[in-house]
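Asker: fold the following, please.
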Amino acid sequence: QVHLLESGGGLAQAGGSLRLSCAASGRTSDMYAMGWFRQAPGKDREFVAAITWHGGTTYYSESVKGRFDISRDNVKKTEYLEMNSLKPEDTAVYYCAASSLTGIVVVTNHSGYDYWGQGTQVTVSS
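Answerer: Residues are numbered from 1 along each chain as shown. Model (predicted):
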């Protein structure tokens, strides 16, 4: 089992920045990748960014590329999402996810993850 604890959500103005953190505990040695997804009211959960745990390869959705930066600290077992140039359309509940799946893992899809955090609200005002 892997347990995920998110922090860092809150309120920001358009053009501002926020940093999300997600601390992993438990069987973290099994983790292949970690990611961030978000869900706005009335919309499906969508992929935001992902990073492979050992190689550090990163993936971004087109809507956040160039504005958001995902990183991880293998010692602290924590991933981060630095969100810059925030827009009102970035408002959503942001979920941290971890994958310990084997085989072909699509890290840009929610099916590629087997552990989820509880979510943290990000609100961007115009």
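
Asker: ranges for the strands of the chain?
Answerer: 2-7, 10-13, 18-26, 33-39, 46-52, 58-60, 68-73, 78-83, 92-99, 115-116, 120-125 (DSSP state E).

Asker: ok, the third one: who's next to it in the sheet?
Answerer: Each strand paired with strand 18-26, and its direction, by DSSP bridges: strand 2-7 (antiparallel), strand 78-83 (antiparallel).

Asker: number of nearby residues for residue 74?
Answerer: Residue 74 is flanked by 12 other residues according to other Cβ atoms under 10 Å. Where C-beta positions appear, they are placed from N, C-alpha and C, glycine not excepted.

Asker: follow-up on the earlier one: just name the most buried of the strands paired with strand 18-26.
Answerer: Using mean count of other Cβ atoms under 10 Å, the stretch among the strands paired with strand 18-26 with the largest mean neighbour count is strand 78-83, at a mean of 22.
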